[in-house]
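Q: just coords:
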C-alpha cells in the first residue's frame with residue numbers, strides 16, 4: 001500500500017470517492033500494528049522459558065490476545081474488501097478522471113493549478129489517453145481561452161458552432177502521444193484524413209495511446225492488489241498461528257501458576273468451553289452493560 005501511494009502520489013486528484021482510500025490505509029495501520037503484536041509475542045515466548053519472569057505477563061495476555069485477534073480479523077477483512085471494491089474503484093475513477101479532464105485547462109484557478117500536470121503525468125506514466133479513450137478529449141475544451149486567438153476566423157467559427165460557446169476540436173494533449181510510434185505525433189485534426197499526408201484514421205494505427213486511463217488504472221490497482229493480497233494473506237496465516245500458539249501458551253502457563261514444581265507438564269487449550277458458551281461468556285457482560293445504560297437513561301427521563 002505504501003508502494004502504491006509512492007508510485008502514484010496524485011491518486012486523490014483523479015478519484016471522486018475518498019472512501020476508497022480506507023482499504024489501503026487500513027492495511028497500513030494493521031501492518032504497523034502487526035509489528036508491535038509480534039514484538040510482544042516474542043517477548044512473552046522468551047519469558048515463558050522462565051517461570052519466574054512469566055507471571056508479569058499474566059494480566060496482560062488476555063487483553064493482548066483479544067486486541068491481536070481484532071487486528072488479525074481486520075487484516076483479513078481489508079484484503080477481502082480490496083477485491084470486493086473493484087466496482088467502486090472503477091466508478092470513482094470514472095467520475096474523477098472526467099472532472100480531471102474537464103478542469104485540465106484551469107491552470108489559473110486556485111485548487112486546480114496542478115490539474116494539468118496531474119493528467120499529463122498520468123497519461124505518460126500509464127501510457128493512456130482520456131477517460132474511456134482518446135475521444136473524451138473531443139468533448140471538452142481543454143485549451144484555456146487565454147491561449148486562443150479570438151481574432152482568428154477558425155477559432156470564432158468553432159466557438160460559435162458550439163451551443164455552450166466552447167472551443168471543441170478533434171485533438172488531444174501532447175501527453176497522449178506514443179513515443180514508440182515511428183511517425184511524428186499527430187495530436188490535432190485526428191479525424192481529418194486530408195489534413196495529414198498518407199493518413200487514414202479509421203484504418204491506420206494512430207500514434208497516440210488508444211487505451212483509456214480508467215482501464216489502465218483499474219488494471220494497475222488490481223494487479224498490485226493481487227501481489228499485495230497474497231503477501232497480506234501470508235502474514236494473516238502467520239499471525240493466526242502466532243495467536244493460536246499464544247493461546248496455548250497462556251492456558252498452559254496458567255496451570256503452572258501457584259504450583260511449587262514449575263517443571264510439571266501442563267496442557268493448553270484454545271477454548272475452555274464450547275464455541276457457543278465461549279461466545280456467550282464474552283457477549284453477556286456487554287449486553288448487561290448496555291441494558292443497565294438503557295435503564296439508567298429511562299430513569300433519568302422519568
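A: Great, that's in hand. Given the structure is predicted, the values throughout are model-derived calculations rather than measurements.
Q: any idea how far residue 108 is from residue 161?
A: 26 Å (CB to CB, to the nearest Å). All C-beta spots, glycine's among them, are computed from the backbone N, C-alpha and C.
Q: and what of residue 245?
A: 62 Å.
Q: where are the low-confidence patches of the stretch 51-200 of the chain?
A: Applying pLDDT under 70 to the stretch 51-200 of the chain picks out residues 51-52, 54-55.
Q: Secondary structure of residue 108: a strand, I assume?
A: No - Residue 108: not assigned to a strand; according to DSSP: H, G, I helix; E, B strand; the rest coil it is coil.
Q: Neighbours of it, how many?
A: 9 (other CB atoms under 10 Å).
Q: Confirm for me that it is in contact with residue 145.
A: No - contact criterion CB atoms under 8 Å: residue 108 and residue 145 do not qualify, at 10.4 Å.
Q: Give me the common contacts of the two.
A: Common contacts of residue 108 and residue 145 (CB atoms under 8 Å, 6 or more residues apart in numbering): none found.
Q: how far out from the middle of the chain is stretch 31-43?
A: 24 Å (CA atoms, centre = their mean, to the nearest Å).
Q: Run through who's touching that stretch.
A: So stretch 31-43 is contacted by 1, 64, 67, 68, 71, 75, 232, 235, 239, 242, 246 (CB under 8 Å, 6+ apart).
Q: Equivalent analysis for stretch 176-187, please.
A: 123, 127, 129-130, 134, 137, 171-174, 196, 199, 206-209.
Q: Now, of these, which are buried?
A: For these, a neighbour count by 16 or more other CB atoms under 10 Å gives the buried set as 123, 129-130, 134, 137, 171-173, 196, 199, 206-209.
Q: Now do the strands in the stretch 201-302 of the chain.
A: Ranges of strands in the stretch 201-302 of the chain, per DSSP state E, counting those that start in this stretch: none exist.
Q: mind showing which ranges of it have poor pLDDT?
A: 203-205, 253-267, 269, 278, 281-283, 285-286, 289-290, 292-302.
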